[in-house]
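> pasting the structure only:
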């Protein structure tokens, strides 16, 4: 066969032409593993406490699909189920959760690769010289799709969505979002298949039989199913049906009218997922989401102007990356005018491009539509800026860059893409080092956002967990200088001062300040009651706080214990004190001091010495090295023997 008539003019080896897609997919997976292998040893952070370590809803697979509405995973049953699956397999070993996150990210990268590759194959060769047999030996779509996917999976802006375990919500939803569009493409990719046939390429008969078995009729159902799974994962999936419709208009049907005419039943199926989503979104206000959480639509829109421009800047120059930007909401337009000008220009350009250059406009719409729910429609006032929200939108920015550089440099750009992937992957590896411990990530955050009170408070908690009390106090005090009404910082600082009797007045002041902001903080009521019952003439106040703690949290064993200790100071209230000690022991049978104190009370009540001995025995068993526990037991037994000896 002459060179002119050769079916492939790109000069690629036949092995690559036949197996290139599988090889490229393997490269995507290896790139993800290389960039995130050092993330597997990271600890649980921030929301991981409520979503995983302290969540009773993940303890049993059967109840995992019904998380409480006010939980971090409320309205996201599939996300909660994946955490429950991790718990069933490995308990609270964070490594297993990280492995699951990495697997999701690798699968999302593979799906993005397939989506981009089939989109490029469907483009007319005369419009964009990307076909495998285009004139002049154009670069295969497989390589350009590989460049987009690899750069996307290794980009350091993705670290928050992958390395921070709770943000599995973003990456898992992202996977289902991509699958929704990919399955649609597979149901309509006759253009891609004709390109492959015209180039003389035949996929191996045994390749991916599961996907092949879906057939053309199964792909639309698979697309709707993926969207449905996304609904059960995170609310951002709301824009997926719109993006599919826009994709159809841009790359398949040519117009919205024609897309609807040909596939109206499919689009009704996609839109039907919104009904379930509306149900799942009930109770968002219980998760600190919505306009009733301290931000108006105007101030949140102003804040989003800055946030979106920050995201775009980090997409191109990923430094500095910040784990927590704080909860500051912009109040005046003058603060964000430069950001607003840039954002309005980009939005206007996207609208114009959708009309004049639909392919370019689609990428802009991908960026803004996916960001829209959390940047304008449903405000997250507690976290108005968060890097994980760029998980999917980043693909549009990378697509722009890759295709733009290829159009400018041609095949020489492939070397540049490889260098970009290596460099960005190295930055991700370095960024993952910041997640190696709680102290490391919060120290990094405080260094980059020194005015973030929440970051100082969480760094203080991390120091406190290591027993570094002076350093922890310094961070809590820094948080209160920034935000004097920060309830958590008042509570944490008061909790440290409780252990320093000479500083109890300060502890009381901080705990009372915490309760002004958080009146339902049972732990603060308990701590305050514990201090007050040891101060002259403040026993009634102590009892009131302890009763309030138990009203809020009836199963708080330590509050039952402290209330019992307070009541036992009044001889007339000993029966109630006994009941409170017994309640504490029903909740926490291993509470040795409750056994001891209850034993002391019972030992002084005629006829109840045997019960007292039972509790002293329990205390001695729980604290075998305690001299006082052994002495209490010895004296009680001796008293019982003496009383039995004098009986006739």
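Yep, it's here. Model, not experiment: these values are computed from the prediction. Numbering: from 1, shown residues only.

> how close does residue 540 get to residue 55?
Residue 540 sits 37 Å away from residue 55, going by C-beta to C-beta, to the nearest Å. In short, each C-beta sits where N, CA and C put it, glycine included.

> So between the two, which is more surrounded?
Using other C-beta atoms under 10 Å, the more surrounded residue of residue 540 and residue 55 is residue 55, with 21 against 11.

> show me what contacts the more buried one?
By C-beta atoms under 8 Å, 6 or more residues apart in numbering, the contact set of residue 55 is 67, 71, 72, 73, 80, 83.

> For the residues you listed, work out which two are farthest apart.
For these, the farthest-apart pair by C-beta to C-beta is 71 and 83; their separation is 10.7 Å.

> Just list what the lengthiest helix in the chain packs against, helices and strands only.
When the chain is parsed with DSSP state H, its longest helix is helix 94-122. The contact analysis (3 or more C-beta pairs under 8 Å, 6 or more residues apart in numbering; DSSP states H and E) places helix 94-122 against helix 14-36, helix 77-90, helix 141-154, helix 159-163, helix 168-188, helix 190-198.

> Helices of the stretch 151-300 of the chain, residue ranges please.
Under the criterion DSSP state H, counting those that start in this stretch, the stretch 151-300 of the chain contains helices at 159-163, 168-188, 190-198, 209-212, 215-231, 240-247, 256-280, 297-316.

> Residue 525 contacts residue 546, correct?
Yes: using C-beta atoms under 8 Å, residue 525 makes contact with residue 546 at a distance of 6.9 Å.

> what do those two both touch?
Counting by C-beta under 8 Å, 6+ apart, the common neighbours of residue 525 and residue 546 are residue 559.

> buried sites along stretch 535-554?
539, 541, 542, 543, 545, 546, 548, 549, 550, 552, 553 (16 or more other C-beta atoms under 10 Å).

> try stretch 513-527
Within stretch 513-527, judged by 16+ other C-beta under 10 Å, the buried ones are 513, 514, 515, 518, 521, 522, 523, 524, 525, 526, 527.

> so which of these would you say is closest to residue 296?
Using C-beta to C-beta, residue 518 is the member of the buried residues of stretch 513-527 that sits closest to residue 296, with 23.6 Å.

> Just give the nearest non-adjacent residue to that closest one, would you?
For residue 518, ignoring the flanking residues on the chain, the nearest one in space by C-beta to C-beta, 6 or more residues apart in numbering is residue 487 at 4.3 Å.

> before we move on, back to that, format the buried residues of stretch 535-554 as JSON lines; extra columns: pLDDT, distance to residue 175 and secondary structure.
JSON lines is the format used below for the buried residues of stretch 535-554 (pLDDT from 0 to 100; distance: C-beta to C-beta, whole Å; DSSP: H, G, I helix; E, B strand; the rest coil):
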{"residue": "539", "pLDDT": "95", "distance to residue 175": "58", "secondary structure": "helix"}
{"residue": "541", "pLDDT": "97", "distance to residue 175": "54", "secondary structure": "helix"}
{"residue": "542", "pLDDT": "97", "distance to residue 175": "53", "secondary structure": "helix"}
{"residue": "543", "pLDDT": "97", "distance to residue 175": "54", "secondary structure": "helix"}
{"residue": "545", "pLDDT": "98", "distance to residue 175": "48", "secondary structure": "helix"}
{"residue": "546", "pLDDT": "98", "distance to residue 175": "48", "secondary structure": "helix"}
{"residue": "548", "pLDDT": "98", "distance to residue 175": "45", "secondary structure": "helix"}
{"residue": "549", "pLDDT": "98", "distance to residue 175": "43", "secondary structure": "helix"}
{"residue": "550", "pLDDT": "98", "distance to residue 175": "44", "secondary structure": "helix"}
{"residue": "552", "pLDDT": "98", "distance to residue 175": "39", "secondary structure": "helix"}
{"residue": "553", "pLDDT": "97", "distance to residue 175": "38", "secondary structure": "coil"}
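
> and the closest residue to residue 52 other than its chain neighbours, what pLDDT?
Closest residue to residue 52 apart from its sequence neighbours, by C-beta to C-beta, 6+ apart: residue 83 at 5.5 Å. pLDDT recorded at residue 83 is 98.

> count of neighbours near residue 83?
Using other C-beta under 10 Å, residue 83 has 25 neighbouring residues.

> who's in contact with it?
Taking C-beta under 8 Å, 6+ apart, one finds 51, 52, 55, 58, 64, 73, 97, 168 in contact with residue 83.
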